[in-house]
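>>> pasting the sequence and the predicted model now:
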Amino acid sequence: MIVSTLMLLIMEKILHLNYDGSIAEIQQEFNNMYSFLRIQFYRISGVGSQPKERKVIVSTSLLRAANLTREGTIVVDNNMTVAELERKFSEDFGLTIQVTRQSGILWLETTVTNNMSLQQQNEHGMEITCGVGKTARLDGGSR
């Protein structure tokens with residue numbers, strides 16, 4: 001029982017969202033979990049039938065400025081899909097995010113592969129960026 005609980009804690013990671021926390025802090029926490037993935041925060045504009053426009057919110061902004069509707073935590077695990085994570089941010093906290101995956105020197109939106117798990121996305125990014133059989137960067141260095 002203790003071993004299975006410990007394994008669950010290792011597989012799950014927690015993001016703490018609070019009004020005075022910065023977007024950069026959440027981005028860094030997430031990137032520490034998945035070094036070949038990033039999350040970008042957006043503000044959606046457009047009312048009614050007007051076209052909706054996504055605007056990137058700068059990482060120095062507070063989560064309050066990104067329209068955080070309540071404080072809380074998001075438990076992230078390796079089997080969660082990108083779509084599930086994006087939906088959790090949106091439905092539970094009112095935040096619009098997009099997960100991107102490193103592909104060499106580029107960062108690509110994962111909209112076509114939203115059904116892949118975070119672990120699969122991260123491994124795919126590592127394979128493309130580092131090549132198959134190479135060791136992933138564990139130092140969190142800039143990419």
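Right, received. Where do you want to start? Numbering: from 1, shown residues only.

>>> contacts and neighbour counts: CA atoms only from here.
Noted.

>>> name the residues of stretch 95-108 that come out as buried.
Under the neighbour-count criterion of 16 or more other CA atoms under 10 Å, stretch 95-108 has L95, T96, I97, Q98, V99, T100, R101, Q102, S103, G104, W107 buried.

>>> spatially, which two of these are the most separated?
The most widely separated members of these, counting by CA to CA, are L95 and G104 (28.0 Å).

>>> in the chain, what spans have low per-residue confidence?
For the chain, applying pLDDT under 70 flags the ranges 1-12, 46-51, 132-143.

>>> center of it - which residue?
Among the residues of the chain, the one closest to the centroid is I39, at 3.8 Å (CA atoms, centre = their mean).

>>> doesn't that residue fall inside a helix?
No. Counting by DSSP: H, G, I helix; E, B strand; the rest coil, I39 is not found in a helix; it is strand.

>>> alright, I will stop here.
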